[in-house]
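# structure, please.
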Amino acid sequence: MEKQLYSDFELYDIVTCGDQEELASLKEVTLQGWVRTNRDNGSIGFIEFNDGTYFKNVQLVYSKDSKDYEVLSSLGTGFAIEITGEFRLTPGNKQPFEVFVNECEIKGACDDDYPLQKKRHSFEFLREIAHLRPRANTFQAVYRVRSVLAFAVHEFFQERGFLYIHTPLITTNDGEGAGNVFDVIAHDSKSPEDFYGHRVNLTVTGQLHVEPFALAFRDVYTFGPTFRAERSNTVRHASEFWMIEPEMAFCDLNDNMDIIEECIKYCIDYVLESCPEEMKFFNSMIDNTLLERLNHVRNSQFKRMPYTEGIEILKKAVAEGVKFENPNIEWGMDLQSEHERYITEKVVKGPVFLTDYPKDIKAFYMRQNDDGKTVAACDLLVPAVGELVGGSQREERYDLLKAKMDSLGITEGLEWYLDTRRYGGCVHSGFGIGFDRLLMYVTGMQNIRDVQPYPRTSNTIKY
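This next block holds a predicted model:
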């Protein structure tokens, strides 16, 4: 008789859905996966088993009467096995079903020095074994949610008719103008200019390259890796990370904020619906306010507040005795996380767009407002994090954009970007979401190194 191979997910799905016909057909099942734990008390043994398709383990039961008892009792944590056994419902127990094992075949033995034993390991330790940590509970949850969240991003934009554009990773410009770029040099080159004829670097943003596509297809987005050579050894900075960057033609700042709000709520809804067990785990083991906060955001109407009003609120807070690490609040400053969190957590008590920032602290491509001092920009602030999304209406007026670029000395090499304003340019807007930071927000994880499969940060790289 041919064995019927099932996955953990399939078994849990059948039990959860309660399809009586399918349940009646579940008699003997075959599973392939890995041993999480094995405890044998002499007369009966229990194996916590997982094949990677579902967050919860399957409990395997064996006894001295099992055909392969000697094999089963010898299994250590980490062994890869194939088992065949009897499926039994256990509605009164902690787990809804068990599999009573008859046959077991070792598919891959595991050395005794396997570092993931049955105990809690620190995140610092697990970062040192990034090739093994996907097997740990927290990272099983993190990487599944990462996959689901990435799919949610694509679903959101695809459902709304956006075109997905692949922008280059090697470029001649620094889209943010901060100078924190990685130069690209061929291994056999004597200078950075040898290969391409001039200096090139890894991209810091796909925005400049995706804007021309918005002026042909109207609504587009890019979602890919970006690189920043910032020597910032913080929990929120990495030198390689993924960015979600949509761009919309005939879209002003207010339209832009509408789409940002819709996108964030959609992603939260999608993850909560698709990963209920993982999200329960994060809420119980990582941050016990997580689900409350996410539900509050998804059910809130995002407020909007001018930067100038935010500054006045912060000044008043300092005057009333609120302590900030940086208490010198003045118009024109770039707000720190503590200031952003005060506004969203203490004042608004929910998500808020801060808008119309001073032009001198924002990027060259943002549209100058009529006051000549501010630009049509927005940052979405959310409780517990501060800034989550940054966006703006782009400067569509050729003369103003060129004057700004000339004043910064960045026009040379970006003449093609100016062309988009000369040839049928129109009002357009866009925003950027750091995907890894969004994942941190959705899972409650506190360090960007713990949401990336192989994190790249300054001063260290192992893989």
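
# show me what contacts R298?
If you count contacts by CB atoms under 8 Å, 6 or more residues apart in numbering, R298 has them with K265, I268, D269, L272. Every residue, glycine included, has its C-beta placed from N, CA and C.

# okay, it and I264: tell me how far apart.
Separation of R298 from I264 (CB to CB, to the nearest Å) stands at 8 Å.

# ditto for C426
Relative to I264, and taking CB to CB, C426 is found at 26 Å.

# more neighbours: which of the two?
I264 (23 against 14; other CB atoms under 10 Å).

# what residues does that one make contact with?
V297, P351, L380, L388, V389.

# ok, of those residues, which one's closest to F282?
Closest approach between those and F282, by CB to CB: V297, at 15.2 Å.

# check which helix or strand that closest one maps to.
helix 290-298 (DSSP states H and E).

# how about Q393?
Going by DSSP H and E, Q393 is part of strand 386-393.

# kindly report the same for L381.
L381 belongs to strand 374-382 when assigned by DSSP H and E.

# report the inter-axis angle for that strand versus helix 290-298.
140 degrees (axes from the mean of the first three to the mean of the last three CA atoms, to 10 degrees).

# any idea of the pLDDT on L60?
pLDDT, L60: 98.

# so how many other residues sit close to it?
By the criterion of other CB under 10 Å, L60 has 25 neighbours.

# helix, strand, or coil at it?
Secondary structure state of L60, per DSSP: H, G, I helix; E, B strand; the rest coil, is strand.

# okay, the angle between the helix holding V297 and strand 386-393?
Using the same axes, to 10 degrees: helix 290-298 against strand 386-393 is 30 degrees.

# which elements pack onto the following helix or strand past helix 290-298?
Note on helix 290-298: by DSSP H and E, the next helix or strand toward the C-terminus is strand 303-306. Where contact means 3 or more CB pairs under 8 Å, 6 or more residues apart in numbering; DSSP states H and E, strand 303-306 is packed against strand 352-358.

# could you give the average pLDDT over the strand it packs on?
For strand 352-358, mean pLDDT is 98.

# if we go by neighbour counts, what in it is buried?
V352, F353, L354, T355, D356, Y357, P358 (16 or more other CB atoms under 10 Å).

# go ahead and confirm V204 touches G175.
Yes - under the criterion of CB atoms under 8 Å, V204 makes contact with G175 at 5.4 Å.

# and the gap between G350 and E261?
12 Å.

# give me the number of residues near G409?
With neighbours defined by other CB under 10 Å, the count for G409 comes to 8.

# to clarify, my last question referred to Q207.
Neighbours of Q207 (other CB under 10 Å): 24.

# cool, the one 10 residues further on as well?
Using other CB under 10 Å, the number of residues around F217 comes to 14.

# do G332 as well
That count, for G332 with other CB under 10 Å as the rule, works out to 12.

# just the element for P246, please.
strand 240-249.

# that strand packs against which elements?
Using 3+ CB pairs under 8 Å, 6+ apart, strand 240-249 is in contact with helix 207-217, strand 219-227, helix 253-274, strand 428-434, helix 435-443.

# need these in a markdown table (columns: distance to G197 and mean pLDDT).
A markdown table is the format used below for the helices and strands packed on strand 240-249 (distance: least, CB to CB, whole Å; pLDDT from 0 to 100):
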| stretch | distance to G197 | mean pLDDT |
| --- | --- | --- |
| helix 207-217 | 19 | 98 |
| strand 219-227 | 22 | 97 |
| helix 253-274 | 37 | 98 |
| strand 428-434 | 30 | 98 |
| helix 435-443 | 33 | 97 |
